[in-house]
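> With the sequence up front, the predicted model follows.
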Number of protein chains: 2
Amino acid sequence: MTGFTDALASRLRADQLLTAGDALAEVDLDRYLHDDAEWAPFATPAAVVLAESLDDVVHAVSTAAEHGVAVVPRGAGSGLSGGANAIAGCLVLSLERMTAVTEIDAEERIAVAEAGVINDDLRAAVAEHGLWYPPDPASSAISTIGGNAATNAGGICCVKYGVTRDSVIGLTAVLADGSVARLGRRTAKFSTGYDLVNLLVGSEGTLGVIVDVTVKLRPLAGREERAIVGWFPTLADAGRAVARVSADGIIPAALELIDRTCLAAVDAWQGLGLPTGVEAMLLAKVDEPGAAGEALADRVAAAFEAEGGEKVERGADPDEVERLFRARRLAYPALERLGPVLTEDVCVPRSAVPEMLARIQSIAAAHDVVIANIAHAGDGNLHPLIIAPEGDDAAKDRAETAFTAIVDACLDLGGTVTGEHGVGLLKLPGAGRELGPVVLGMHAAIKAALDPQGILNPGKAFPGAVTAAPAG
Amino acid sequence: MTGFTDALASRLRADQLLTAGDALAEVDLDRYLHDDAEWAPFATPAAVVLAESLDDVVHAVSTAAEHGVAVVPRGAGSGLSGGANAIAGCLVLSLERMTAVTEIDAEERIAVAEAGVINDDLRAAVAEHGLWYPPDPASSAISTIGGNAATNAGGICCVKYGVTRDSVIGLTAVLADGSVARLGRRTAKFSTGYDLVNLLVGSEGTLGVIVDVTVKLRPLAGREERAIVGWFPTLADAGRAVARVSADGIIPAALELIDRTCLAAVDAWQGLGLPTGVEAMLLAKVDEPGAAGEALADRVAAAFEAEGGEKVERGADPDEVERLFRARRLAYPALERLGPVLTEDVCVPRSAVPEMLARIQSIAAAHDVVIANIAHAGDGNLHPLIIAPEGDDAAKDRAETAFTAIVDACLDLGGTVTGEHGVGLLKLPGAGRELGPVVLGMHAAIKAALDPQGILNPGKAFPGAVTAAPAG
C-alpha cells in the first residue's frame, strides 16, 4: 500500500479496492486493464476501486485529485476504442456495481439509472411499465448505461430513434475536484444555461465521472415490427440500395448491412442456414403499425429490388424478425473467433456508402488484409472489421495501415472518424485530422477549465498535443 | 468616430455600420437597442455592424477583441428574455443580412443556412425539395435560424419533433478571438470529441457568434394532419387532460393550451368566432397517416372528454386545422395590444401542469395582476403572460413580483425556469437558483476558457456573480 491506496482504503471495504502490489488482488485486477479494443495500449494501474455509491465515487476522485493520480472511469469495459484502458499508476474507477434503476416514472416517461446498469436490464425494467428505452448498441447484453453515455453509444435503431445522446436528458457527474454536478432536467424542454449534459455525454470520462443518468423513454405500445431482408450480388449493389432508401425519404427503424465474410462466420458458428452465395445481406426493420407499416415495408422492398436485391423477403412474425437480427448481432463475436479484430467505426454521408464500401474493398486488396463489413448502413455508419491472424506481426502492421487508410477515405468523403464508438485511443490521430487546430483548441481549453490538473482519463477522447493556440 | 469605429469602418461599407455619434445613423440604430422582452435593461451601443459575410463577422469580432469592446450578436431581435439587449458602449453585431440558404441536399436530408435566414423561409426553401424543417417557434415568420440556434428556440411541434437543438447537427461560429470554428458534421452520427455544437446552441452568443447552421430535415411526405379541439370549463380540467394524454402514452404532434383571456383577446382583434364562455381551449394535432392517425386522434379526443372537455371536435381539413392553430399563433400579438406583456417561459413535468396552472391563478389573485396563459402544454412548457397597463408603475412592480413567484413555483414543482426562450437577462436570478453553485461554476469556467476577455454578450445566459469556486 502507498499513501494513495491507504487513503482510498480509509473509506472503502476491502472488497472494493484492488491494489497493484497485492498478489491476491492482481488476479482480479487483470480484468480492469483494458477494454475490447484490439492493440490499443494499456498499462498497470495503482489501484482499482469498485464504487457502490455516489459517495464512493466522490471519495475516489477526491483522493486521486489530492494525490495527483489519473482516474480512468469504466463501465463494463466493452468499448472498442481503448477509452477505458488503464494508464500506468492510475486509479481505475469501476462503476459496474452501481446497478440500481432508482426511478421509473411512467407518467413523465423518464427513468433514472445508476451508471452500472446493463443496457438490456434498463430496457427490461422500463418495459414492465409499458415503456421503451431505444438505444441498442450491439453490446446491449453486457455494456452499461454509464459507459453508453460516456461514449455516446449508438446501435441498430439509431437510424430512426437516435443515439444515446438523444435519450439522456440529465445526469449526475463527479467533477475533477470531487464536487457533484447535477446536470439537465426532468422536463420535456430545458433552455437554462449551457447544455452541459451533452458536453458530458460522449466526453469519455475526461470531464467528469458519470454516476447516474436520467433518460427519456417512449411508449412501448403502438409499434409493429416488420423486417425486410434482401441478398445482393455485390457490395456496391447493397450500398446503392442503402442510398436509395434514404433518397426515397424512408426512415426505417433499422437498416443493417452484413457482408459475405460475416455471414459465413456466423453460419459456421451458429448454423443459422444463411445463404453464402451472395456478397451482402441488407436487413431492414420498419415499426409503423398497420397499413402504414405494410406500405413502408413495401417501399423498402422495392428499393432493395430496384438495386439488384434478390430473394427480397418480408417477415412480420416476431420470431422471424428476431432470427434475422440475431445474425446481425452475432457477426462481431463470430468474427472474433477467427482472430483479433480491429474494429473501424467510420460514418459517411448516406449517399457515399457505395463509394466507401468500394474503397474499403480496394484498401483490403492493396494491403493484403481480410476486411469484413457490418454496418448501420442506414446511418452511413460502417464497421469494417480488419482481421489479423493471432501472432502474425506483419499482418498486424498491414491491418493498422489499412485502418488508417480507411479513416483517410472516410474523411475524404466528408465523413467522421467515429460514428458511435468514440475516439478513445485508436481514433486520436483521425480525430486530430478531422477536427483541426481551432476546434482542438476549444477541446483543450474546456478540458483545462473543468479539469485543471488533467487527472480525468488523460490522453483520451481528443489528441492533446495541440500545436495551435487554444481558442480565445 | 473613435479608434474602434474607425477600425470597424476600415473593412465595411458605410451602409453596414451605424455609430452612436452619427445623427443620421441614430434613427436606424434605435432598432438595435433591445429585443422583445419587456422591462429588460438595455443601453446605447458604440456601434452596430450589419454583417453580410463570414469575413464581416470575423472582422467585427476581431476588432472588438483588439479594443476590448463587448459584442452583442443579434438576429431579428424577436427574443423574449433580453438576450440581444445592447450593453453600454458595445458592438451590436446583426446577422440579419446573412439570408442565404447555401445548400439543400435532398439525398442526405440536410440544409445549410446562414444565421439571418428567417425560420419560415428555411421551411419554405426545403419544402421545394420535399423536405421539412420542424422547429416552429411562434415567431417563425420573423425570427432567424441563427437566433433560434443561439437561444435553442422551441415551438408548437416540439412535443413530437424536438426543439432547435434536435435539428442542428453542425454550425460555423466565430470565437472570441475572431477564429472560425467549424463544428459538428454532415453525417447521421458523430462521436468525434466533445459535443461543441450543443454547447454553442443555446449559449446565447456568449461563447461564439453563430454564422451558419447545418440542420437535419425530415421527409415532407407521409404526414396527414388531424386537429382535435376541446373546450374546458376550468383551467384545472384542461391541465388534467394534458396530463392524461401524456400518461396514456400518446405523443401528439402538438398539444397547446389557450386560456379565456387569450381567446377573448384574439376574438376581439380578429373575430375568429371563438367561444368565450369557457376557461380554456386545448388544441392538439396528430400527424400519423391513415387509420393510425384516425385512431390516435380518437384517443386524444377520449382523453379530453374524460377530463371534462366539451364540444370536442375533430378537423382533418387542412384549412380547418390552419384556422384553429391561427388562434394559437395570434394569442401573443393579440395580448400585446392590451399593454406591455411580461412573458414567462417555465417548464414543469407534464404531470405537474394542473398544479402549476392552479398556482399561477393563485399568484395572479395574490398580486392583483392579469395573467393570461398560453402553453405548449404537451411539453409542460407554460407561457403565463403578465399584463400591466402602459405607464402604471405600481402594476409593473406587482407584475415583476408575480414573475418571480411563478419562477419559484415552477422550481418547487421540479421544473426549469426556461423551456425555450433562454435565460437572457430576465431569467438570471431564476437560473442561479435552479443551477446552483457547482453547475454555475462549470458555466463560468467554460466561459472563461473560450472567452477569456469576456467580450461575447457578457452578463447574459447565466448569472456571472458566482460565489462558489469554479469546478475543478
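Looks like it arrived, so ask away.
> List the contacts of the lowest-mean-pLDDT helix or strand in chain A.
Across the helices and strands of chain A, mean confidence by mean pLDDT, DSSP states H and E is lowest for helix A:23-29: a mean of 78. The contact list for helix A:23-29 (CB atoms under 8 Å, 6 or more residues apart in numbering or on different chains) reads A:17, A:18, A:19, A:20, A:44, A:45, A:48. Where C-beta positions appear, they are placed from N, C-alpha and C, glycine not excepted.
> Now the fifth one: closest residue in space, sequence neighbours ignored.
Computed as CB to CB, 6 or more residues apart in numbering or on different chains, the closest residue to residue A:44 that is not its neighbour in sequence is residue A:20, at 5.6 Å.
> Tell me how far that neighbour lies from chain B.
27 Å (CB to the nearest CB, to the nearest Å).
> List phi and psi for that residue.
phi -70, psi -30 (degrees, to the nearest 10).
> For burial, what's the neighbour tally of it?
17 (other CB atoms under 10 Å in any protein chain shown).
> Could you pull up the contacting residues of it?
Taking CB under 8 Å, 6+ apart, one finds A:26, A:29, A:44, A:45, A:46, A:47 in contact with residue A:20.
> How far does the least confident helix or strand of chain A sit from its chain's centre?
Distance of helix A:23-29 from its chain centroid, counting by CA atoms, centre = their mean, to the nearest Å, is 29 Å.
> give the contact list for residue A:455.
A:64, A:65, A:68, A:69, A:70, A:71, A:176.
> and the residues you listed, which of them are in helices?
A:64, A:65 (DSSP state H).
> about what we covered before: which is the next helix or strand following the least confident helix or strand of chain A?
strand A:47-50 (DSSP states H and E).
> what packs against that next one?
Contact analysis of strand A:47-50 by 3 or more CB pairs under 8 Å, 6 or more residues apart in numbering or on different chains; DSSP states H and E lists helix A:3-9, strand A:17-19, helix A:23-29, strand A:91-94 as its packing neighbours.
> Where does the nearest residue to residue A:141 once chain neighbours are set aside sit, in terms of helix or strand?
Counting by CB to CB, 6+ apart, residue A:120 is the residue found nearest to residue A:141 once chain neighbours are left out, at 5.2 Å. Using DSSP H and E, residue A:120 falls within helix A:119-127.
> Counting by contacts, list what that helix packs against.
Using 3+ CB pairs under 8 Å, 6+ apart, helix A:119-127 is in contact with strand A:101-105, strand A:110-114, helix A:145-151.
> Quick one: closest of these to residue A:53.
Among the helices and strands packed on helix A:119-127, strand A:110-114 comes nearest to residue A:53, with 9.0 Å by CB to CB.
> Go ahead and name everything in contact with that closest one.
With CB under 8 Å, 6+ apart, strand A:110-114 has contacts from A:95, A:98-105, A:122, A:125-126, A:131, A:133, A:145-146, A:169-170, A:186, A:211-217.
> Could you tell me how far the residue lying closest to residue A:88 once chain neighbours are set aside is located from residue A:86?
Spatial nearest neighbour of residue A:88, chain neighbours left out: residue A:43 (3.7 Å); criterion: CB to CB, 6+ apart. Spatial separation of residue A:43 from residue A:86 under the definition CB to CB, to the nearest Å is 6 Å.
> which residues are in contact with both of these two?
residue A:33.
> Those two: which has the busier surroundings?
residue A:86 (24 against 12).
> Grab the nearest non-local neighbour of residue A:308.
Per CB to CB, 6+ apart, closest to residue A:308 is residue A:237, 4.0 Å.
> ugh, wrong one, I meant residue A:331
residue A:262 (4.2 Å).
> can I assume the one you found sits in a strand?
No. In this structure, residue A:262 is helix, not part of a strand, as judged by DSSP: H, G, I helix; E, B strand; the rest coil.
> Tell me which stretches of chain A form helices.
Using DSSP H, the helices of chain A run over A:3-9, A:23-29, A:54-67, A:119-127, A:145-151, A:158-161, A:196-200, A:235-247, A:260-270, A:290-306, A:318-336, A:353-367, A:393-412, A:428-450.
> what's the most buried one of those helices?
Burial of those is given as mean neighbour count (mean count of other CB atoms under 10 Å in any protein chain shown); helix A:145-151 ranks first at a mean of 32.
> Give me the contacts around the helix holding residue A:120.
A:99, A:101, A:104, A:111, A:113, A:132-133, A:135-137, A:139-141, A:143-145, A:148, A:153, A:215, A:217, A:220.
> which of the residues you listed are buried?
Buried subset of the contacts of helix A:119-127 (neighbour count, 16 or more other CB atoms under 10 Å in any protein chain shown): A:99, A:101, A:104, A:111, A:113, A:132-133, A:135-137, A:139-140, A:143-145, A:148, A:153, A:215, A:217, A:220.
> which residues touch the nearest residue to residue A:347 once chain neighbours are set aside?
In space, and not counting its chain neighbours, residue A:347 is closest to residue A:419: 3.1 Å by CB to CB, 6+ apart. Taking CB under 8 Å, 6+ apart, we find residue A:419 in contact with A:154, A:345-347, A:376, A:379-381, B:187-191.
> Quickly name whichever of those residues is closest to residue B:394.
Of those, the one sitting nearest to residue B:394 (CB to CB) turns out to be residue B:190, at 53.5 Å.
> Report the beta-bridge partners for the nearest residue to that closest one once chain neighbours are set aside.
The spatial neighbour of residue B:190 that comes closest, neighbours along the chain excluded (CB to CB, 6+ apart), is residue A:416 at 4.9 Å. Counting by DSSP bridges, residue A:416 is bridged to residue A:347.
> Test my guess that residue A:416 contacts residue A:346.
Yes. Using CB atoms under 8 Å, residue A:416 is in contact with residue A:346, at 7.3 Å.
> Now do the shared contacts for these two.
By CB under 8 Å, 6+ apart, the residues touching both residue A:416 and residue A:346 are residue A:410.
> pLDDT weak spots in the stretch 51-200 of chain A?
For the stretch 51-200 of chain A, no stretch is flagged by pLDDT under 70.
> what does it have sitting close to chain B?
A:106-109, A:130, A:151-152, A:154, A:158-159, A:163, A:165-166, A:175-177, A:179-183, A:185-196, A:198-199 (CB under 8 Å from any CB of the partner chain).
> Apply 6 Å and report the result again.
By CB under 6 Å from any CB of the partner chain, the residues of the stretch 51-200 of chain A that approach chain B are A:107-108, A:152, A:154, A:175-177, A:179, A:181, A:185-196, A:198-199.
> Kindly reformat the helices and strands packed on strand A:47-50 as a markdown table containing distance to residue A:249.
A markdown table is the format used below for those (distance: least, CB to CB, whole Å):
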| stretch | distance to residue A:249 |
| --- | --- |
| helix A:3-9 | 56 |
| strand A:17-19 | 53 |
| helix A:23-29 | 53 |
| strand A:91-94 | 45 |
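> Residue B:356 is nearest to which of these?
strand A:91-94 (39.8 Å).
> if I read this right, residue A:330 contacts residue A:267, doesn't it?
No. Look at residue A:330 against residue A:267 with CB atoms under 6 Å: they stay out of range, at 9.8 Å.
> can you tell me which residues contact the residue of the stretch 1-150 of chain A found nearest chain B?
The nearest approach of the stretch 1-150 of chain A to chain B comes at residue A:107, 4.6 Å away (CB to the nearest CB). Counting by CB atoms under 6 Å, 6 or more residues apart in numbering or on different chains, residue A:107 makes contact with B:247, B:351.
> at 7 Å instead, please
For residue A:107, the contacting residues are B:246, B:247, B:351, by CB atoms under 7 Å, 6 or more residues apart in numbering or on different chains.
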